[in-house]
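Trainee: Structure for this input, please:
(2 chains)
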Amino acid sequence: DAKTTQPPSMDCAEGRAANLPCNHSTISGNEYVYWYRQIHSQGPQYIIHGLKNNETNEMASLIITEDRKSSTLILPHATLRDTAVYYCIVGGAGNNRKLIWGLGTSLAVNP
Amino acid sequence: DAEITQSPRHKITETGRQVTLACHQTWNHNNMFWYRQDLGHGLRLIHYSYGVQDTNKGEVSDGYSVSRSNTEDLPLTLESAASSQTSVYFCASSGGGEQFFGPGTRLTVL
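Mentor: Okay, here's the model as predicted:
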């Protein structure tokens, strides 16, 4: 299973876009990129996932580079409630089954 | 609404005792997972199941067991609790897309 590298912490001003990077240089051709977040001791929450193309939903956008070795999660207008640990994970083809979790990025949204 | 629940939410036990943590989901998902989360380690996979009667070991399975007798439940058993198993335990389920997580069980082994 491919591993990911994320910065341990980031800050963002409320109302601004938060751009969270992730490196996954060993990703396999059939592995998806998943993003989750965990708000203070709650269970992790799914945000978005993608294979090759950029994706957008009501929570965020996911930009995957053409070589698929890195990606960026974008929270377009960060709020204080977006303060959380964000995890970037690569995992099984088309079926989010076994995932290997790293330490994630602790995002602090400041007023 | 479909959901995934864990019980108990908090548990204190003694070294050597057998402990079972419950996980129940009403999503009708085939895939279920148990993780533990400790400071400095993120989430680590303990056991997982891809369907009834199917169980698999994760990266930190020693001292834990699971059984899957129906789609809805995947109980996690600590055969003989050790202080090193003090942790927060999360259960998750997946139907082929994202994983849905329970609220977690905080286990303390004294």
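Trainee: Those residues of chain B touching chain A, which are they?
Mentor: Contacts of chain B with chain A, taken as Cβ under 8 Å from any Cβ of the partner chain, map to B:31, B:33, B:35, B:40-45, B:48, B:50, B:56, B:58-59, B:88, B:90, B:92, B:94, B:96-104. Using the backbone N, CA and C atoms, a C-beta is placed for each residue, glycine as well.
Trainee: repeat that with 6 Å
Mentor: Residues of chain B found near chain A (Cβ under 6 Å from any Cβ of the partner chain) are B:31, B:42-43, B:90, B:94, B:96-99, B:101-104.
Trainee: Buried among these? Need that as a selection in ChimeraX.
Mentor: The buried residues among these can be selected in ChimeraX (16 or more other Cβ atoms under 10 Å in any protein chain shown) with this line:
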select /B:31,42,43,90,94,98,99,101,102,104
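Trainee: Of the residues of chain B next to chain A, which belong to strands?
Mentor: Secondary structure from DSSP state E places B:N31, B:G42, B:L43, B:F90, B:S94, B:Q99, B:F101 of the residues of chain B next to chain A in strands.
Trainee: For chain A, state which of those is nearest.
Mentor: B:F101 (3.1 Å; Cβ to the nearest Cβ).
Trainee: ok, the most centrally placed residue in chain B - contacts?
Mentor: Most central in chain B under Cα atoms, centre = their mean is B:W34, positioned 3.3 Å from the mean C-alpha point. Neighbouring residues of B:W34 by Cβ atoms under 6 Å, 6 or more residues apart in numbering or on different chains: B:I46, B:H47, B:L76, B:C91.
Trainee: do the same with A:W101
Mentor: A:Y87, A:I89, B:G42, B:L43.
Trainee: Relative to B:S67, how far out is the residue nearest the centre of chain A?
Mentor: The C-alpha lying nearest the average C-alpha coordinate of chain A belongs to A:W35 (Cα atoms, centre = their mean; 3.5 Å). Look at A:W35 and B:S67: by Cβ to Cβ, to the nearest Å, they are 32 Å apart.
Trainee: What ranges does chain B have for its strands?
Mentor: Using DSSP E, strands in chain B cover B:4-7, B:10-13, B:19-25, B:31-38, B:42-51, B:54-57, B:64-66, B:76-78, B:87-94, B:99-101, B:105-109.
Trainee: Mean pLDDT and distance to A:A60 for the ones you listed - can I get that in JSON lines?
Mentor: Supplementary listing: the strands of chain B in JSON lines, determined by pLDDT from 0 to 100; distance: least, Cβ to Cβ, whole Å:
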{"stretch": "strand B:4-7", "mean pLDDT": "96", "distance to A:A60": "22"}
{"stretch": "strand B:10-13", "mean pLDDT": "97", "distance to A:A60": "32"}
{"stretch": "strand B:19-25", "mean pLDDT": "98", "distance to A:A60": "25"}
{"stretch": "strand B:31-38", "mean pLDDT": "95", "distance to A:A60": "23"}
{"stretch": "strand B:42-51", "mean pLDDT": "92", "distance to A:A60": "20"}
{"stretch": "strand B:54-57", "mean pLDDT": "94", "distance to A:A60": "31"}
{"stretch": "strand B:64-66", "mean pLDDT": "98", "distance to A:A60": "33"}
{"stretch": "strand B:76-78", "mean pLDDT": "98", "distance to A:A60": "31"}
{"stretch": "strand B:87-94", "mean pLDDT": "96", "distance to A:A60": "20"}
{"stretch": "strand B:99-101", "mean pLDDT": "92", "distance to A:A60": "17"}
{"stretch": "strand B:105-109", "mean pLDDT": "97", "distance to A:A60": "29"}
